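>>> structure, please.
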Amino acid sequence: MDGCTNYTVLSEADRTQENAEPPYDRTDLGLVTGWYRFQGVAGDRMPDKFVRRYHCGTTYPGWLNGVHPTVAEGVVLRTVCYDGGGVCGLFSNIIKVKNCRSYYVYELSRIFGYYCGNAGAGKFH
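Model prediction:
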């Protein structure tokens, strides 16, 4: 299945990495495994830098530990970190990421954390 043509949009405003509003109870435990694209107020991609705990509407914000791929790289494996302390490893999972030329898609699965979007990127780095 090609993630570039068959994906679900994640556009919730509480997914933005600038969202520091309580409650911090959002998780992606109900997410169905598949390809997802960040769009709208959530941003246009997953942040690839540390996101502070208690952002994105959750205690455990998910951020990409590594760079986004080029088109030529195709589908790559990347680690998503959730621990909120700037160290990856204690709470993380492996996902697939694909560059679809003008946007990225991510093969995500259910997780106790919450996948963040990059909206508000300059505010917390």
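>>> just say helix, strand or coil for the residue sitting furthest away from the middle of the chain.
Distance to the chain centre peaks in the chain at residue 72, reaching 21.6 Å (criterion: Cα atoms, centre = their mean). Under DSSP: H, G, I helix; E, B strand; the rest coil, the three-state class of residue 72 is coil.
>>> in its sheet, what does the helix or strand of the chain with the lowest mean pLDDT sit against?
Least confident helix or strand, the chain: strand 61-65 with a mean of 94, by mean pLDDT, DSSP states H and E. Here strand 61-65 is paired, per DSSP bridges, with strand 76-81 (antiparallel), strand 114-115 (parallel).
>>> most packed of those?
Among the strands paired with strand 61-65, strand 114-115 has the highest mean neighbour count (mean count of other Cβ atoms under 10 Å), at a mean of 26. Where C-beta positions appear, they are placed from N, C-alpha and C, glycine not excepted.
>>> what are the contacting residues of it?
Strand 114-115 is contacted by residues 10, 15, 26-28, 31, 36, 46, 56-58, 60-62, 80, 106, 108 when judged by Cβ atoms under 8 Å, 6 or more residues apart in numbering.
>>> how much space separates residue 99 from residue 72?
From residue 99 across to residue 72, the span is 9 Å (Cβ to Cβ, to the nearest Å).
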